[in-house]
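Trainee: Fold the stuff below for me.
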Amino acid sequence: MNRVSALIMILLLAGCSLHKPTEVRLSVDPPPEFLENQAAHESGLSVEQWWQVFNDEQLNLLMTELFDQNLELTQAIARLEQVEAVFKITRSAQSPTLFAGANLGRSQQPGLVDAFVGNNQQLSLAAGYELDLWGKLASQSQAAELELTASRQDVQTLYLSLSARLTDLYFLAVEQRAQLALTKQSIASFTDTLARVENRYQLGLVPAVDMYQARQNLSAAKAALYLFQALLAEAEHAIAVLVGQYPERSPDDSLQKLPDPPVLFEVGIPADLIRQRPDLVAALRRVGAADARVAAAIADRFPSISLSGGYGSLRQDVTAGLIKGEFWSLLGNLALPIVDGGRRRAEVERKEAVLREAVAGYQQKVLSAFQEVEDALVNNVATQQRVAYLAETAMATQATLRLTTERYLAGITDYLPVLTAQRTDFDVQSRLLAAQRQLLADRISLARSLGGSWMQDKMNARLQIAKDKK
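Mentor: Residues are numbered from 1 along each chain as shown. Here you go, the predicted structure:
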C-alpha cells in the first residue's frame with residue numbers, strides 16, 4: 001500500500017510540469033510605424049464603421065441588409081453555434097455524471113405445486129467522475145474554448161470582408177453607370193459630328209474617307225456601351241445576392257456620380273494591427289488551442305483515475321417471501337497505459353508538429369497583414385496621383401477636341417486630327433472614371449486591412465437574433 005501511495009505521489013509531482021506553454025513570437029520585429037505611411041503625422045478617419053464616411057444613405061441601407069440577410073453570415077453563425085456546442089460537450093467531461101434508472105417487472109416461474117408469479121421493482125442512481133490529475137480534461141476544455149474564441153474572430157473577419165466587398169461592388173456599379181453616361185454623351189457628340197461630315201461630303205467639301213472615319217468612331221462608342229451595360233448588370237446582380245436577394249437590377253435613377261474620396265484612415269502603428277485584425281487574433285487563439293492539445297496528449301500518457309458509485313432501492317417478490325431494501329456501491333478505477341505500441345508517444349509528436357505549423361501560420365498571417373497595409377498605403381498614394389494627372393489630361397484632350405473640330409469645320413485641316421482627338425478624349429475620360437473608382441477601392445482595401453472592433457457588435461446582434469428564433 002505504501003508503494004502505491006509513493007507511486008501516486010511521484011506521478012502527482014510529475015504532473016505539475018507535464019507541459020510548458022509555448023511562447024509565440026513574431027518572425028520579425030515590426031518597425032515603429034508603417035514604412036509607406038506618408039501621412040504618419042496627420043490625423044485620419046477612424047476605421048470603425050468606415051463605410052459611413054462616404055455619406056451615402058443607399059450604401060448604408062444596403063449594409064444593414066447585408067448584416068441582416070447575407071447567407072454567408074447565416075452559415076458562419078451556424079458554424080459558430082456548432083463550435084460552441086462542441087466546447088460545451090468537451091467541458092462537460094470535467095463535471096460528474098449522474099444517471100437515474102428504474103426497473104419494473106412481473107415474471108412467472110414454475111414451482112412444485114403452482115407457478116409462482118412475482119413482481120420486481122428497482123430504483124437507482126449512478127454517478128461517475130474522472131479525476132483530472134494531469135490536466136488532460138482541463139487542456140481539452142481550454143483547446144475547445146480557444147477554438148470557440150477563434151471561430152468568433154472568423155465571423156468578425158467575414159463581416160469585415162463582406163462589408164468591403166459590398167462597398168467595392170456598390171462603387172463599381174456607380175462607375176459603370178458613369179461610364180454609360182459618358183458613352184451615351186460621346187455617342188450623341190459623335191452622331192452630331194457624323195451628320196456634319198455627311199453634310200460636307202454631300203456638298204463635295206470632304207472626301208468619303210472622312211465620313212467612314214466618323215462612322216467608325218460612332219460604332220466603336222456604341223460597342224463600348226454594351227460592355228459597360230454588362231459590367232453594370234454583373235455588379236448589381238452581385239450586390240443583390242450579397243444582401244440575400246434574387247440577382248436583380250437596381251432602379252434607373254440610381255447614383256451615377258462617384259463621390260470624392262475621403263481622407264486616409266488612421267493607420268496607427270504595426271503593433272496595433274495585431275490586436276485590430278480579427279484574423280490575426282483567430283490565428284493566435286488557434287496556436288493556443290494547438291498548444292493545449294499537446295498538453296492533453298502528454299497527459300494522456302499518464303494513468304487515469306475514475307470514480308463511480310451507485311445507490312438504489314429494491315423490492316422483489318420471491319418464493320421465500322418479499323425482499324426489499326437499499327443497495328449501494330463505490331468503485332475506483334485506475335488505468336495505467338504500459339504498452340501501446342508507441343501510439344500515445346506518436347500522438348504527442350503529431351500534436352507538437354501541428355503546434356509548430358500553427359505558430360508558423362500565425363507568423364505568416366502577421367507578415368501578410370503588414371504587407372496588405374503597406375500595399376494599400378502605396379496604392380492609395382499612387383492612384384491619387386494618377387487621378388490628378390488624368391484629370392489634367394482630360395482637360396487637355398477636351399480642349400484639343402474642341403480646337404481640332406473647329407479647324408476641321410473651317411476647312412483648315414482634314415478629319416484625321418478630329419478622329420484622333422475624339423478617340424483620345426473618350427479614352428481618357430473613361431480611364432479617369434476608372435481611376436477615380438480605383439481610388440475608392442484603395443480606400444476600401446485600406447479600411448479592410450486595418451481591421452477594427454465594430455464587427456463584434458454586429459455579430460452579437462446577429463447571434464441574439466439566431467437565439468431568439470430557437
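
Trainee: How about Arg344: what's its closest non-neighbour residue?
Mentor: Leaving aside its chain neighbours, Arg344 sits nearest to Arg301 (4.7 Å; criterion: C-beta to C-beta, 6 or more residues apart in numbering). (C-beta placed from N, C-alpha, C; glycine too.)

Trainee: sorry, that was for Thr22
Mentor: Asp291 (4.7 Å).

Trainee: any idea how far Gly325 is from Gly451?
Mentor: 67 Å (C-beta to C-beta, to the nearest Å).

Trainee: Next secondary structure after the helix or strand of the chain with the lowest mean pLDDT?
Mentor: Here the helix or strand of the chain ranked lowest by mean pLDDT, DSSP states H and E is helix 2-15, holding a mean of 46. With elements assigned by DSSP states H and E, the helix or strand that comes after helix 2-15 is helix 57-69.

Trainee: what's the model's confidence in that next one, averaged?
Mentor: On average, the pLDDT along helix 57-69 is 94.

Trainee: dump the residue contacts of Asp279.
Mentor: Contacts for Asp279 were tallied using C-beta atoms under 8 Å, 6 or more residues apart in numbering; they are 153-154, 157, 365, 369, 451.

Trainee: And for Leu450?
Mentor: Counted by C-beta under 8 Å, 6+ apart, Leu450 has contacts 47, 265, 267-268, 273, 276-277, 373.

Trainee: try 6 Å
Mentor: Leu450 makes contact with Val47, according to C-beta atoms under 6 Å, 6 or more residues apart in numbering.

Trainee: and the gap between it and Ala399?
Mentor: Counting by C-beta to C-beta, the gap from Leu450 to Ala399 is 41 Å.

Trainee: ok, now Val209?
Mentor: As judged by C-beta to C-beta, Val209 and Ala399 stand 26 Å apart.

Trainee: element containing the spatially closest residue to Ala376 that is not a sequence neighbour?
Mentor: Leaving aside its chain neighbours, Ala376 sits nearest to Leu446 (4.0 Å; criterion: C-beta to C-beta, 6+ apart). Taking DSSP H and E as the definition, Leu446 sits inside helix 416-450.

Trainee: Thr149 too?
Mentor: helix 136-202.

Trainee: same check, this time on Gly332
Mentor: Here Gly332 sits within strand 321-335, counting by DSSP H and E.

Trainee: Can you list the helices and strands that that strand packs against?
Mentor: Under the contact criterion of 3 or more C-beta pairs under 6 Å, 6 or more residues apart in numbering; DSSP states H and E, strand 321-335 touches strand 304-318.

Trainee: Give the rounded mean pLDDT of the strand it packs on.
Mentor: 81.

Trainee: what angle do the host helix or strand of Ala221 and helix 57-69 make?
Mentor: Using DSSP H and E, Ala221 falls within helix 208-242. Here helix 208-242 points in a direction 40 degrees away from that of helix 57-69 (axes from the mean of the first three to the mean of the last three C-alpha atoms, to 10 degrees).

Trainee: Please parse this protein into its domains.
Mentor: The chain breaks down into these domains under automatic domain parsing: 19-92+136-302+353-468, 97-108+117-131+303-336.

Trainee: Just say which of these is most tucked in.
Mentor: Greatest average neighbour count among the domains of the chain goes to domain 19-92+136-302+353-468 (a mean of 17), per mean count of other C-beta atoms under 10 Å.

Trainee: Leaving out chain neighbours, which residue sits closest to Gln438?
Mentor: In space, and not counting its chain neighbours, Gln438 is closest to Thr383: 5.3 Å by C-beta to C-beta, 6+ apart.

Trainee: So the one you found belongs to a helix, correct?
Mentor: Yes. Under DSSP: H, G, I helix; E, B strand; the rest coil, Thr383 sits within a helix.

Trainee: Distance to Val241 and pLDDT for the contacts of Asp279 - can I get that in TSV?
Mentor: Output for the contacts of Asp279, formatted as TSV (distance: C-beta to C-beta, whole Å; pLDDT from 0 to 100):
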residue	distance to Val241	pLDDT
Gln153	25	97
Asp154	21	97
Thr157	20	97
Lys365	28	96
Ala369	28	96
Gly451	25	93
